[in-house]
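Colleague: A predicted structure for the sequence below; I have some questions about it.
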Amino acid sequence: MTNGPSFDWHLTNLNNYTFLNNVDRSSGTFGKLKVVQPDSGIATAGLPSSSTSVGRFVRAAYYAEYTEKADDPDAAIVTLAHIMNNFDRPRGVSIDYPTEGGGHMEVPGLSETSDNPYATEFTSWTSLSDLARTLFFVREYGSLNFIRIDLSALRGLDAPRIVPLSKLSQAMGDVTDILRNPA
């Protein structure tokens, strides 16, 4: 989930979030004033909302702890995909101007000669793995759906297969055969 700080730092930082739980406490009082939350979800109000590595790590720990555990492998993949949706970063949601340092992935079409060039970090792809069934799922930035690759069906191929992710994403669903026989 993060590039930094170090993993042990993140584990220590979780000490600052011992108050978190998944139980909505939707009513309370301030003196004689009774207050009621109008909908569900207030239990997550203490989660950091930024896209920083620190915020993402705390949210990942929360989701790993409190999300319902799936009954079967297919449901587990769906659950994991929903969790990962909470970490997607669209292009431009935060930007770095070259004069301010930082900068990561360049936005296509913007260059140093542009009037206002910038760089942005965004989720280029999201991948999920089912190690027990040797399945790999991936969703590229331009798609809302995951594609599926059965890695066990690719064993024994005589050479590596190179197919652009954007082409695989257009196919949707299980793309194992495209990798077995790229045309």
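Modeller: Everything's here; your move.
Colleague: Next, the buried residues of stretch 80-97.
Modeller: For stretch 80-97, burial by neighbour count (16 or more other C-beta atoms under 10 Å) applies to Leu80, Ile83, Met84, Ser94, Ile95. Where C-beta positions appear, they are placed from N, C-alpha and C, glycine not excepted.
Colleague: Just the closest of these to Leu151, please.
Modeller: For Leu151, the closest of the buried residues of stretch 80-97 turns out to be Leu80, at 17.0 Å, with distances computed as C-beta to C-beta.
Colleague: re the thing from before, among the buried residues of stretch 80-97, which are in strands?
Modeller: When those are checked against strands using DSSP state E, the ones located there are Ile95.
Colleague: wait, which of the buried residues of stretch 80-97 is closest to Phe19?
Modeller: Nearest to Phe19 among the buried residues of stretch 80-97, counting by C-beta to C-beta, is Ile83 at 21.3 Å.
Colleague: ok, then the element right after the lowest-mean-pLDDT helix or strand in the chain?
Modeller: Least confident helix or strand, the chain: strand 105-106 with a mean of 54, by mean pLDDT, DSSP states H and E. Per DSSP states H and E, strand 105-106 leads on to strand 119-120 as the next helix or strand towards the C-terminus.
Colleague: which other helices and strands contact that following strand?
Modeller: Using 3 or more C-beta pairs under 8 Å, 6 or more residues apart in numbering; DSSP states H and E, the elements in contact with strand 119-120 are strand 95-96, strand 105-106.
Colleague: show me where this structure has strands.
Modeller: According to DSSP E, the strands that the chain contains are 27-30, 33-36, 95-96, 105-106, 119-120, 125-130, 135-140, 147-150, 173-174.
Colleague: Please work out the average pLDDT along the last one.
Modeller: Confidence over strand 173-174 (mean pLDDT, whole number) is 94.
Colleague: quick one on the thing from earlier: adding pLDDT and distance to Val36, write the buried residues of stretch 80-97 out as TSV.
Modeller: Formatted as TSV, the entries for the buried residues of stretch 80-97 read as follows, by pLDDT from 0 to 100; distance: C-beta to C-beta, whole Å:
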residue	pLDDT	distance to Val36
Leu80	96	34
Ile83	95	29
Met84	95	33
Ser94	83	35
Ile95	79	39
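Colleague: With distance to Asn13 as new columns, can the buried residues of stretch 80-97 be given to me in TSV?
Modeller: Conversion of those to TSV gives the following (distance: C-beta to C-beta, whole Å):
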residue	distance to Asn13
Leu80	23
Ile83	20
Met84	21
Ser94	21
Ile95	26
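Colleague: Looking at the buried residues of stretch 80-97, which is nearest Val35?
Modeller: Distance ranking of those against Val35, using C-beta to C-beta, places Ile83 first at 30.5 Å.
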